[in-house]
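S.K.: I would like the atomic coordinates for the input below:
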Amino acid sequence: QVLTVASGGGLVQAGASLRLSCVVSGPVFSIYAAGWFRQASEKGPEFVAGISWDGVNTDYNDSAKGRFTISRDNAKNTVYLQMNHLRPDDTAVYYCALHHTSRQPSRYMADYLDWGQGTQVTVSS
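M.R.: Here you go, the predicted model:
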């Protein structure tokens, strides 16, 4: 059974940084790609960033590109999302998950499993 626990969210001012962490239990973490998604209040979920199984390939949505960095440490079963220059429109619950079939990331939520509870990020102006 896979257990996903995201942490590191909080309330910050615009321009600040946060580093989110996501620990994914189980032996398959290092085999598959991982991704971060977010869901703002009254909006649908959206892809933020994805990373390949070995950390070599990454993908970002346009909003995250240049401000966020996704990384992973397979020895710790952890994927990170470093978020810099945060803006109020980054406010959302952030979720991470493991791709269930591929070593390369995708932008589709249906490709990921075992989401966990997410972590709230709130950016004030």
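
S.K.: need the helix or strand of this protein with the lowest average pLDDT.
M.R.: Ranked by mean pLDDT, DSSP states H and E, the helix or strand of the chain with the weakest confidence is strand 112-113, at a mean of 91.

S.K.: right, and the helix or strand after that one?
M.R.: Sequence order places strand 119-124 as the next helix or strand after strand 112-113, per DSSP states H and E.

S.K.: Partner strands of that following strand and their direction?
M.R.: The pairing partners recorded for strand 119-124 under DSSP bridges are strand 10-13 (parallel), strand 92-99 (antiparallel).

S.K.: any chance you could map the strands in this protein?
M.R.: According to DSSP state E, the chain carries its strands in the segments 4-7, 10-13, 18-24, 34-39, 46-51, 58-60, 68-73, 78-83, 92-99, 112-113, 119-124.

S.K.: what's the least confident stretch among those?
M.R.: If you rank the strands of the chain by mean pLDDT, strand 112-113 sits at the bottom with a mean of 91.

S.K.: Just want the most central residue of the protein.
M.R.: In the chain, the residue lying closest to the centroid (C-alpha atoms, centre = their mean) is residue 36, at 2.3 Å.

S.K.: tally of neighbours for residue 15?
M.R.: Residue 15 has 11 neighbours, counted by other C-beta atoms under 10 Å. Any C-beta I mention is one placed from the backbone N, CA and C, and that applies to glycine too.

S.K.: got it, and the one 3 residues further on?
M.R.: Other residues lying near residue 18 total 20 when counted by other C-beta under 10 Å.

S.K.: my read: the residue nearest to the centre of the chain touches residue 50, true?
M.R.: Yes: the pair residue 36 / residue 50 is scored as a contact, 7.5 Å apart, by C-beta atoms under 8 Å.

S.K.: which residues do these two both contact?
M.R.: Here residue 36 and residue 50 have residue 70 as joint contacts, going by C-beta atoms under 8 Å, 6 or more residues apart in numbering.

S.K.: sorry, back to before: the residue nearest to the centre of the chain and residue 83, how far apart?
M.R.: According to C-beta to C-beta, to the nearest Å, residue 36 and residue 83 sit 10 Å apart.
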